[in-house]
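1. Mind folding the following:
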Amino acid sequence: MAGKLRYGMVGGGIGSFIGPVHRMAAELDGLAELVCGAFSSDAERSYASGQALGIDPGRVYPDYQSMFEVERELPSDERMDFVVIVTPNHLHYAPARMALENGFDVVCDKPMTLTLEEAQDLERVVKNTGRLFALTHTYTGYPMIKKARSLVRSGALGRLRKVMVTYLQGWLASYPEGEGQKQAVWRTDPRCAGLTSTMGDIGTHAENLISYVTGLEILELSAQLNTLVPSRKMDDDGSVILRYEGHVAGAILVSQVATGEENNVTLRIYGEHGGLEWNQMEPNSLIVRWADRPMEIHRTGTGVEGIGTGSVPAHRLPAGHPEGFIEAFANIYQAFGKALLDRKAGRPAPEEGYDFPTVEDGVRGMHFLTKVVESSRSEKKWIPFKDNR
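-> The predicted model follows:
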């Protein structure tokens, strides 16, 4: 497998939902291969996971500390090039920091850290070490989201007036954490999830979508977090009204107790001349409505919907062949991998030259969550969104 990037994984072992997703996405384009891992905080589970994945037993580790210490001493043509962190939220910061300080680039699941202070520290470490850092805000990888971004930033919709995202799920409409369901248990435990549960889990995606497509800065927000299922420790529903620069109105509505909903993410943006709508359940279509001409439906694979970095299209298949979640995830890995390969080849690889979410997106996401919680607890109508990094 000469020429491939080698990666390790922290978390993502047996029983994980997001670990297999990352592995499929990282390897979809043939750019990377999994060579090592600390797949669980339980050593036996980590070894069992490594065996199931066909990893050399000598490179399956009982903990991430051992992995970084051993891997950094291996010859450059054997050790991992980057690490993927797919643990619960409270276990993102420490391995990410240690990886960067030991010379490894990082791909991390979102939200980036447990607290804003951790996120700000991680940003400093990224800058001091000069390593690459990608945050997997999946929805930025969809071709039609890139098309939406191109339309908005070209000015085609005119001056923006209204931006909104609704993100509705129903998987927490009952009380699965009471039955020991693994994904529900840690997501609704403040020690593991952090400041918020639902707003942190899916609200960060909503905020990131608006930021990615429009580039708008938040000036103020007013938020309400709700816990609608009895006995639950954290929020399972929430609403945020936002004031963006340029007098643009914004709204984010998220819920994981919307009974019957699957993963219903909808982005809507309205300007003076037109508006657009994209839904993750039908990701290959982008609806554009105009004030003075018929509605348009843009489809993945027809024309040039959106270009990632360089000359690589965001879409992968001819029109009419569905693309979805894994391919969007893979677009992030593809951009990150290209940046890493360019740097290894001695070519300039500034993060801003590649189309993947960075540590700065992670800090802004944690700042957003901090302000949402502050607003929800406050009697004030509006909370200033001043970034006091």
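
2. in this protein, what residue sits furthest out from the centroid?
-> Centroid-distance maximum for the chain: Asp292 at 36.2 Å, with C-alpha atoms, centre = their mean.

3. excluding its backbone neighbours, what's nearest it?
-> In space, and not counting its chain neighbours, Asp292 is closest to His273: 7.7 Å by C-beta to C-beta, 6 or more residues apart in numbering. (Glycine included, C-beta is placed from N, CA and C.)

4. Tell me which residues touch that neighbour, please.
-> Ala156, Leu157, Gly158, Trp290, Ala291, Asp292 (C-beta atoms under 8 Å, 6 or more residues apart in numbering).

5. Try it again at 10 Å.
-> Applying C-beta atoms under 10 Å, 6 or more residues apart in numbering to His273 gives the contacts Gly155, Ala156, Leu157, Gly158, Arg159, Trp290, Ala291, Asp292, Arg293.

6. Return the member of those nearest to Gly12.
-> For the contacts of His273, the minimum distance to Gly12 (C-beta to C-beta) is 39.5 Å, reached by Leu157.

7. Surely that closest one is within a helix?
-> No: judged by DSSP: H, G, I helix; E, B strand; the rest coil, Leu157 forms no part of a helix; its state is coil.

8. Contact partners for the nearest residue to it once chain neighbours are set aside?
-> Distances taken as C-beta to C-beta, 6+ apart put Gly271 closest to Leu157, at 3.1 Å, once the chain neighbours are dropped. Contact partners of Gly271, counting by C-beta under 10 Å, 6+ apart, are 151-152, 155-163, 214, 248, 291.

9. Now do the contacts for the nearest residue in space to Ile241 that is not next to it in sequence.
-> Excluding the flanking residues, the one nearest Ile241 by C-beta to C-beta, 6+ apart is Ser222, at 4.7 Å. Applying C-beta under 10 Å, 6+ apart, one finds that Ser222 lies in contact with 239-243, 372, 375-376, 378, 380-383.

10. try 6 Å
-> By C-beta atoms under 6 Å, 6 or more residues apart in numbering, the residues touching Ser222 are Ile241, Ser375, Lys381, Trp382.

11. now Leu31
-> Neighbouring residues of Leu31 by C-beta under 6 Å, 6+ apart: Leu5, Gly337.

12. Tyr244 now?
-> Tyr244 makes contacts with Leu216, Ile218, Gly250, as judged by C-beta under 6 Å, 6+ apart.

13. that older thread, filter the contacts of Gly271 down to the buried ones.
-> Leu151, Val152, Leu157, Leu160, Val163, Thr214, Val248 (16 or more other C-beta atoms under 10 Å).

14. Can you pull the phi/psi pair for the fourth one?
-> In other words, Leu160. phi -70, psi 150 (degrees, to the nearest 10).

15. any idea how far Lys147 is from it?
-> Distance of Leu160 to Lys147, given as C-beta to C-beta, to the nearest Å: 16 Å.

16. List the buried residues of stretch 250-270.
-> Using 16+ other C-beta under 10 Å as the test for burial, stretch 250-270 gives 250-258, 261, 264-270.

17. In strands, which of the residues you listed fall?
-> 250-255, 264-270 (DSSP state E).

18. returning to that earlier point: now flag whichever of the contacts of Gly271 is closest to Glu78.
-> Of all those, Thr214 has the smallest distance to Glu78: 43.9 Å, by C-beta to C-beta.

19. Next one: the closest one from Asn263, what distance?
-> Distance, Thr214 to Asn263, using C-beta to C-beta: 22 Å.

20. Repeat that for Ile218.
-> 25 Å.

21. And for Glu44?
-> Glu44 is 33 Å from Asn263, where distance means C-beta to C-beta.

22. where do the strands sit along the stretch 251-389 of the chain?
-> Applying DSSP state E, counting those that start in this stretch to the stretch 251-389 of the chain gives strands spanning 264-271, 274-279, 285-290, 296-299, 383-384.

23. These into a markdown table, with extra columns for mean pLDDT and distance to Ile14?
-> Below are the strands of the stretch 251-389 of the chain laid out as a markdown table (pLDDT from 0 to 100; distance: least, C-beta to C-beta, whole Å):
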| stretch | mean pLDDT | distance to Ile14 |
| --- | --- | --- |
| strand 264-271 | 98 | 28 |
| strand 274-279 | 98 | 33 |
| strand 285-290 | 97 | 37 |
| strand 296-299 | 95 | 39 |
| strand 383-384 | 96 | 42 |
